[in-house]
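Enquirer: Have a look; sequence and predicted model below, questions after that.
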Amino acid sequence: MSRVAVVTGSNKGIGLACIRALCKQLKPDDVVYLTARNPELGKKAVADLEKEGLKPRFHQLDISNKASVEALRDHLKKEHGGLDILINNAAIAYKSKDPAPFSEQAKVTNGVNYFDNAQAYHILSPLLRPNARVVNVCSFVAVMTWGKMGDDLKDQFRKLATEEELNTIVNKFIDLAAKDEHTKHGFPGTAYGFSKVALSAFTRLQDRIFEKDTARPGIAVFAADPGWVVTDMTSGSGKKNIDQGADTLVWLAMRPEGDLEGRGEMYSDRKLNKVFL
């Protein structure tokens with residue numbers, strides 16, 4: 001059976017590099033989907049990779065649009081009957097000099113990086129076949145942010161048992177940020193960093209569920225840190241190119257059957273880099 005891979009937000013940057021690497025590492029009859037909100041940009045990215053001799057397929061996807069995610073789900077179910085690799089890469093980050101108030105940054109950033117990624121995961125995850133791999137793209141910034149959080153808040157994260165509890169914490173951050181009271185309650189002063197802490201926590205929760213899933217054995221969910229990569233998101237600064245940034249993400253996505261070490265945790269440069277200490 002052919003394997004099927006999807007990378008969200010993959011018409012440029014690290015996502016595009018993931019598509020390139022998957023096309024090279026998977027077998028010729030496997031299928032790799034490049035996705036983008038803008039069909040023109042997505043199709044251009046596919047055409048550029050075709051010039052390299054690669055053959056990804058395109059499907060429109062906006063993780064903030066439930067109908068768009070459902071359309072991808074329906075397409076995958078009809079054409080392939082399942083999904084084997086899902087790399088949740090789509091994300092946003094405000095620039096350091098962006099004039100938008102922190103209240104807005106907290107709501108929008110966590111809305112996309114946490115809530116929308118969680119929504120896309122829930123819509124697509126029923127398609128995951130046994131031994132599938134899910135990689136949520138997080139960041140070393142999550143580790144830095146964790147160090148700036150209050151002890152009581154850290155304990156709440158360590159004791160998380162359900163996604164509903166996590167949602168409550170993220171919504172509390174957004175609500176407190178609207179009042180400029182978030183730091184008084186142990187929350188950090190970075191919307192992006194907190195969104196990646198939340199996504200890392202989501203990774204752990206979802207992997208625990210799959211660990212007990214006897215109907216679909218072998219599925220594992222990982223978090224991945226690309227590192228400081230030269231992309232539009234970093235305004236062209238960084239220490240890695242996009243292909244180097246994609247390395248750990250694709251390495252996790254390609255982990256062979258039975259290799260579940262570090263499941264639910266974050267990896268940096270192919271090594272465990274736990275967020276929740």
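Expert: Okay, I see it.
Enquirer: Select the longest strand from this protein.
Expert: Taking DSSP state E as the assignment, the strand of the chain that covers the most residues is strand 128-137.
Enquirer: Send over it as PDB, restricted to the C-alpha atoms.
Expert: C-alpha atoms of strand 128-137 as PDB (Å, rounded to 0.1, in the frame of the first residue of the first chain):
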ATOM      1  CA  LEU A 128      -4.300   8.000  10.400                       C
ATOM      2  CA  ARG A 129      -3.400   4.300   9.700                       C
ATOM      3  CA  PRO A 130      -1.500   2.000  12.100                       C
ATOM      4  CA  ASN A 131       2.200   3.100  12.600                       C
ATOM      5  CA  ALA A 132       1.400   6.600  11.300                       C
ATOM      6  CA  ARG A 133       3.500   9.500  12.400                       C
ATOM      7  CA  VAL A 134       2.300  13.000  13.400                       C
ATOM      8  CA  VAL A 135       4.900  15.800  13.800                       C
ATOM      9  CA  ASN A 136       3.800  19.100  15.400                       C
ATOM     10  CA  VAL A 137       6.200  21.900  14.500                       C
END
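Enquirer: Output the contacting helices and strands for that strand.
Expert: strand 83-88, helix 117-124, helix 191-211, strand 220-225, helix 242-253 (3 or more CB pairs under 8 Å, 6 or more residues apart in numbering; DSSP states H and E). In this view, the C-beta of every residue, glycine as well, is placed from N, C-alpha and C.
Enquirer: and these as CSV, adding distance to N38 and mean neighbour count?
Expert: Conversion of the helices and strands packed on strand 128-137 to CSV gives the following (distance: least, CB to CB, whole Å; neighbours: other CB atoms under 10 Å):
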stretch, distance to N38, mean neighbour count
strand 83-88, 19, 26
helix 117-124, 17, 20
helix 191-211, 23, 23
strand 220-225, 25, 26
helix 242-253, 19, 22
